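1. coords below, sequence missing:
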């Protein structure tokens, strides 16, 4: 399993077990090669929960770098 997929799974799990699930919209960053699958997942999530998913696609390496460098305010 590549780093991008691991990051995606971590973000989804963290989002679903945190208070982000109470928000009306969830933002998910996903590797560009997951675009087809993520559209289906987001549509199903929205149908089952009524909450909107905003998908952002990009390079998994760039997402990994951004997450690695993130520091709380």
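-> On my side now, so go ahead. Source: prediction; values computed, not measured.
2. Next, count neighbours for residue 5.
-> Number of residues near residue 5 (other Cβ atoms under 10 Å) recorded here: 14. Just so you know, the C-beta spots here come from the backbone N, C-alpha and C atoms, and that holds for glycine as well.
3. That one is in what secondary structure piece?
-> For residue 5, the element it lies in under DSSP states H and E is helix 3-17.
4. I'd like the mean pLDDT over that helix, please.
-> Averaging pLDDT along helix 3-17 gives 70.
5. cool, stretch 32-49 as well?
-> Mean per-residue pLDDT for stretch 32-49: 88.
6. what sits opposite residue 30 in the beta ladder?
-> Per DSSP bridges, the residues bridged to residue 30 are residue 57.
7. That one - how many residues pack around it?
-> If you count neighbours by other Cβ under 10 Å, residue 30 ends up with 24.
8. What separation do you get for it and residue 51?
-> Distance from residue 30 to residue 51, counting by Cβ to Cβ, to the nearest Å: 17 Å.
9. got it, and residue 12?
-> Computed as Cβ to Cβ, the residue 12 to residue 51 distance reads 13 Å.
10. what's near enough to touch residue 59?
-> 31-32 (Cβ atoms under 8 Å, 6 or more residues apart in numbering).
11. backbone phi and psi for the one residue sitting closest to the centre of the chain, please?
-> Nearest to the geometric centre of the chain sits residue 28, at 2.6 Å (Cα atoms, centre = their mean). Residue 28 adopts backbone torsions of phi -130, psi 130, taken as degrees, to the nearest 10.
12. now stretch 53-62: mean pLDDT?
-> Mean pLDDT, computed over stretch 53-62, is 89.
13. end to end, how far does that stretch reach?
-> End-to-end distance of stretch 53-62: 21 Å, with Cα to Cα, to the nearest Å as the criterion.
14. Buried residues, that stretch. List them.
-> By 16 or more other Cβ atoms under 10 Å, the buried positions in stretch 53-62 come out as 53, 60.
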